[in-house]
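Enquirer: give the three-dimensional model of this entry:
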Amino acid sequence: MITTKIKPVFVSSALLLLCSTSAITVNSAHSADELSYQLPYYNSKEFTPHWIGSGSEALNGFHQIPPFSFTNQDGEEVSEKDFENKIYVAGFFFSTCPGICPMIRSKLAKVQEAFIDDDSVKILQHSIRPNTDTVDLLKAYADKNGILSNKCYLATGERDAIYSLAKSAYFASDDLGNLQNTEDFLHTESLLLIDQNRHIRGIYNGLNSASVDYLIADIKALNAQ
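Expert: All right, here's what the predicted structure looks like:
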């Protein structure tokens, strides 16, 4: 049995700024540069937005995703160095998941396609069952589902390292997804937007098409800086 607890924080940060309107795109009256400046920063599990200018001294020591080292679907090391000066979308999955993972995967396919020719945008999905998600299994999963190695990294490795990063760096908690009655890590539908300096800039519901559209718009805004 799965108990669902969903926190309503899946809209884009740009939408939060323009909450008086029903929709937003980077082609609106607000330029992409303005939107990128207005995307908030996050540094806690409450996901309270901090409105900080990109060059502000307030960012000195502000929360960043720390260094990490895992193995991708091609058997190669994937670390924070692969994302230097890049934007990426982070999330969690496992390859044999029959529930929310396929639905999230279909939404991430939209992100992959939107930035297919843009090497500055990546996707990083961490396996929450690394003991069974072997490199061979992840490679077969990627090939079956059209996941491109140069665009999307499926990360496996030490379970404790993945879970620690999820909780302390990405602030995954039982408010952000589906809490399962197993020893598995929280199964969350949340996707996080990480900027070129490894700061968290947005959180989105990976099951919601409109939310993923906001994610794509926010990536374009960050990319326009």
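Enquirer: the helices in this protein, which residues?
Expert: Taking DSSP state H as the test, the helices found in the chain are 13-17, 32-38, 100-114, 135-144, 159-168, 209-223.
Enquirer: can you redo the ones you listed as a markdown table with mean pLDDT and distance to E76?
Expert: Yep, even glycine has a C-beta here, placed from its N, CA and C like the rest. Compiled in a markdown table, the helices of the chain are given as follows (pLDDT from 0 to 100; distance: least, C-beta to C-beta, whole Å):
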| stretch | mean pLDDT | distance to E76 |
| --- | --- | --- |
| helix 13-17 | 41 | 32 |
| helix 32-38 | 52 | 31 |
| helix 100-114 | 96 | 19 |
| helix 135-144 | 98 | 9 |
| helix 159-168 | 93 | 17 |
| helix 209-223 | 96 | 24 |
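Enquirer: let's have those in JSON lines, adding mean neighbour count.
Expert: Rendered in JSON lines, the data for those read as follows (neighbours: other C-beta atoms under 10 Å):
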{"stretch": "helix 13-17", "mean neighbour count": "20"}
{"stretch": "helix 32-38", "mean neighbour count": "18"}
{"stretch": "helix 100-114", "mean neighbour count": "18"}
{"stretch": "helix 135-144", "mean neighbour count": "16"}
{"stretch": "helix 159-168", "mean neighbour count": "16"}
{"stretch": "helix 209-223", "mean neighbour count": "22"}
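Enquirer: can you name the residues that contact the nearest residue to Q73 once chain neighbours are set aside?
Expert: With sequence-adjacent residues excluded and distances taken as C-beta to C-beta, 6 or more residues apart in numbering, Q73 is closest to L138, at 3.9 Å. Shown in contact with L138 (C-beta atoms under 8 Å, 6 or more residues apart in numbering): N72, Q73, S95, S127, L154, T156.
Enquirer: please narrow those to those residing in strands.
Expert: When strands are assigned by DSSP state E, the members of those inside them are S127, L154.
Enquirer: widest-spaced pair of the contacts of L138?
Expert: N72 and S95 (13.1 Å; C-beta to C-beta).
Enquirer: any idea how far apart the tips of stretch 121-141 sit?
Expert: End-to-end distance for stretch 121-141, by C-alpha to C-alpha, to the nearest Å: 21 Å.
Enquirer: quick one: that stretch to chain centroid distance?
Expert: A distance of 15 Å separates the C-alpha centroid of stretch 121-141 from that of its chain, computed with C-alpha atoms, centre = their mean, to the nearest Å.
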